[in-house]
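*Asks:* predicted model and sequence follow; I will ask about them next.
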Amino acid sequence: MSFVEVAKLADVPDGGVLAVEVDGTEVALVRDGEDVYAVRDECSHASIPLSEGDVEGCEIECWLHGSRFDVRTGKPLNYPATEAVPTYSTQIEGETVMVDLSTPRS
Ligand code: FES
């Protein structure tokens with residue numbers, strides 16, 4: 001696969017999250033200033049959309065049990081989640097946010 005357009009940059013709130021679907025995969029876009037990160041929109045502890053949680057910087061918190069994930073790596077920062085969520089590569093082209101589901105963020 002390759003990069004596909006998933007959102008307009010203006011639609012991703014700075015310091016917030018936008019849920020999008022990319023080829024059948026639920027993805028949470030998290031914006032921190034000019035940077036946009038993409039992770040699978042499903043907590044690794046249970047099937048809760050991470051996009052329903054709060055964002056602080058590069059972290060998103062699952063509202064159900066409070067695990068926070070670093071959206072740069074997908075790794076949980078506290079219990080109860082112990083497994084990382086998948087990350088995806090992103091690109092900003094002008095005002096467009098692009099995601100490549102086949103490539104983890106590096
Ligand atoms: S479902 Fe997300 S921390 Fe439990």
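*Replies:* Arrived safely.

*Asks:* would you confirm that Gly16 contacts Val55?
*Replies:* Yes - counting by CB atoms under 8 Å, Val55 is a contact partner of Gly16 at 5.4 Å. Glycine gets a C-beta too; all of them are placed from N, C-alpha and C.

*Asks:* what residues are shared contacts of these two?
*Replies:* Residues touching both Gly16 and Val55 (CB atoms under 8 Å, 6 or more residues apart in numbering): Val30.

*Asks:* of the two, which one has the most company?
*Replies:* Counted by other CB atoms under 10 Å, Gly16 and Val55 do not tie: Val55 has more neighbours, with 22 against 14.

*Asks:* report the secondary structure state of the more buried one.
*Replies:* Three-state call for Val55 (DSSP: H, G, I helix; E, B strand; the rest coil): strand.

*Asks:* burial of Asp35, as a residue count?
*Replies:* 13.

*Asks:* do Thr73 as well
*Replies:* Residues near Thr73, counting by other CB under 10 Å, number 16.

*Asks:* quick one, what contacts the residue of the chain most remote from its centre?
*Replies:* In the chain, the residue that sits farthest from the middle, by CA atoms, centre = their mean, is Gly94; the gap is 19.9 Å. With contacts defined as CB under 8 Å, 6+ apart, Gly94 has no neighbours.

*Asks:* can you do 10 Å?
*Replies:* Shown in contact with Gly94 (CB atoms under 10 Å, 6 or more residues apart in numbering): 8-9.

*Asks:* please apply the same query to Asp23.
*Replies:* Residues near Asp23 by CB under 10 Å, 6+ apart: 1, 4, 6, 99, 101-102.

*Asks:* what residues does the protein put near the ligand?
*Replies:* Proximity of the chain to the ligand (CB under 6 Å from any ligand atom) is limited to residues 43, 45-46, 48, 62, 64-65, 67, 80-81.

*Asks:* any of those residues buried? List them.
*Replies:* Neighbour-count burial (16 or more other CB atoms under 10 Å) applied to the residues of the chain next to the ligand gives 43, 45, 48, 62, 67, 81.
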